[in-house]
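**Q** okay, predicted coordinates and the sequence, questions at the end:
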Amino acid sequence: MTGHISHNINWNDRYVQGTCNKKQIMMLKLQFIQNKQLKRLLEHGTYLTIIFVLVPAFVYFELVVVLPATVEEWSIPYFVHLACATFLLMNILGNMIYGMFTDTSIKGTVLDSENKENWTLCAVCECLRPPRAWHCNTCDICILKRDHHCTFFACCVGYYNHRYFMCFTFYIFVAMVYAFYYNVKFLAIYLKWNNGLVIGKFLFPLACFVIDFGDETVYVFLVEINFIVAMFTGFLFFYHFNNLLKGKVTPEIKHNSKEVTYNRGLKQNVIEVFGSRWYLVWLSPYFKSPLPGNGIEWNGEDKCK
């Protein structure tokens, strides 16, 4: 009788333990989904902030405040600067929008992996994926030739939108350097030494919003943001362009992949990203430039053989 009771207690304990484990797993999955959704919400919030707050603020500051103070209004140089600003803004926003809405995932792609090397299994998507495709936890899907997840685009940079990311970072860098030159000239005219107090506005810009909020504080803050964005996007562009010339994407650089290389030479590596009309994509995101492949078939050279 005692053994029978003990047997029932063991089964009850196992049932309770199994139920608790299932609940824990469900809670972990729910927490993971919520964290992922929160991350995506924050990224889309960043994207909308850039589009509707930072870009209009910088455009207004440069064209309405800085330009008339450094160049004579309605003169030929004035219109030249307006034309340059329009060209830069068109390329920045155009590449950003194209990069965001160009699907570079495996969704809707027929993947025939029979008798093909270097294909791997994605446990999340539950499918075989081609070489250079990696799963993105934020996008929740495998990305063809995935380079990285871009906060500016609120999506991954992969095979079909790599071109737009490169042009986007390039034109932001050019625009920030171009603007910084005239911003420094403007501050030299506008700012007053004020017994050295102006240095504090450069060192503690956010604190000055509370202590001494005014046009001068806002201008100093915008110029500092201008400098930081120029440094950041300059680093991004040169880092990724160097990878591009080597025929590699960021995961291959991080994992120091030396077994298989997809380096096809300088010109072919450029064409692989920017397409057959690579010389035109720098002028406008609206130029079509067909890519040589499909992001699925890769003929890598195995150095171990």
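**A** Now that the structure is in, tell me what you want to look at. Numbering: from 1, shown residues only.
**Q** CA atoms for contacts and neighbours, from now on please.
**A** Will do.
**Q** quick one, helices of the stretch 201-305 of the chain?
**A** Secondary structure of the stretch 201-305 of the chain, counting by DSSP state H, counting those that start in this stretch: helices at 205-211, 215-246, 250-254, 266-274.
**Q** indicate which one of the ones you listed is closest to residue 95.
**A** Minimum separation from residue 95 across the helices of the stretch 201-305 of the chain (CA to CA) falls at helix 266-274, 12.6 Å.
**Q** so which other helices or strands are in contact with the closest one?
**A** helix 162-190, helix 215-246 (3 or more CA pairs under 8 Å, 6 or more residues apart in numbering; DSSP states H and E).
**Q** out of these, deepest packed?
**A** helix 162-190 (a mean of 19; mean count of other CA atoms under 10 Å).
**Q** mean confidence score for it?
**A** What helix 162-190 shows for mean pLDDT is 94.
**Q** tilt between that helix and helix 266-274?
**A** Per axes from the mean of the first three to the mean of the last three CA atoms, to 10 degrees, the angle that helix 162-190 makes with helix 266-274 is 90 degrees.
**Q** could I get the helices and strands packed on helix 266-274 as CSV with distance to residue 60?
**A** Listed next are the helices and strands packed on helix 266-274 as CSV, based on distance: least, CA to CA, whole Å:
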stretch, distance to residue 60
helix 162-190, 12
helix 215-246, 11
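**Q** residue 278: which of these is closest?
**A** helix 162-190 (9.1 Å).
**Q** just how off-centre is that closest one within its chain?
**A** Here helix 162-190 is found 18 Å from its chain centre; the criterion is CA atoms, centre = their mean, to the nearest Å.
**Q** same check, this time on stretch 140-147
**A** Here the centre of stretch 140-147 is set off from its chain's centre by 13 Å, with CA atoms, centre = their mean.
**Q** helices of the stretch 51-200 of the chain, residue ranges please.
**A** 55-60, 67-70, 76-101, 162-190, 197-203.
**Q** now distance to residue 273 too, for those, in CSV please.
**A** CSV is the format used below for the helices of the stretch 51-200 of the chain (distance: least, CA to CA, whole Å):
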stretch, distance to residue 273
helix 55-60, 27
helix 67-70, 36
helix 76-101, 13
helix 162-190, 6
helix 197-203, 40
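**Q** can you pull the pLDDT of the residue nearest the centre of the chain?
**A** Centroid-nearest residue in the chain: residue 150, 2.4 Å away (criterion: CA atoms, centre = their mean). Note on residue 150: pLDDT of 89.
**Q** now do the contacts for it.
**A** Shown in contact with residue 150 (CA atoms under 8 Å, 6 or more residues apart in numbering): 156, 157.
**Q** that older thread, mind checking which of the helices of the stretch 51-200 of the chain is nearest residue 212?
**A** Nearest of those (CA to CA): helix 197-203, 9.0 Å.
**Q** enumerate every residue touching residue 182.
**A** By CA under 8 Å, 6+ apart, the neighbours of residue 182 are 66, 67, 70.
**Q** if I look at it, how far off is residue 142?
**A** Distance, residue 182 to residue 142, by CA to CA, to the nearest Å: 44 Å.
**Q** now swap in residue 53 and tell me
**A** Counting by CA to CA, the gap from residue 53 to residue 142 is 32 Å.
**Q** if we can go back for a sec, select, out of the helices of the stretch 51-200 of the chain, the one closest to residue 253.
**A** helix 162-190 (16.1 Å).
**Q** now the closest one and helix 215-246, what's the angle there?
**A** Here the directions of helix 162-190 and helix 215-246 differ by 150 degrees (the same axes, to 10 degrees).
**Q** pretty sure residue 266 is touching residue 246, no?
**A** Yes - using CA atoms under 8 Å, residue 266 is in contact with residue 246, at 7.3 Å.
**Q** out of residue 53 and residue 142, which sits in the busier spot?
**A** residue 142 (25 against 12; other CA atoms under 10 Å).
**Q** how about low-confidence regions in the stretch 101-250 of the chain?
**A** Judged by pLDDT under 70, the stretch 101-250 of the chain has its weakly predicted residues at 110-115, 193-197, 200-201, 204, 206-207, 209, 213.
**Q** recalculate using a threshold of 90.
**A** 106-130, 137-140, 150-155, 187-225 (pLDDT under 90).
**Q** quick revisit: from the contacts of residue 182, which has minimum pLDDT?
**A** residue 70 (90).
**Q** returning to what we had before: any chance of the contacts of residue 182 in JSON lines, plus distance to residue 188 and neighbour count?
**A** Converted to JSON lines, these look like this (distance: CA to CA, whole Å; neighbours: other CA atoms under 10 Å):
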{"residue": "66", "distance to residue 188": "11", "neighbour count": "21"}
{"residue": "67", "distance to residue 188": "14", "neighbour count": "20"}
{"residue": "70", "distance to residue 188": "10", "neighbour count": "14"}
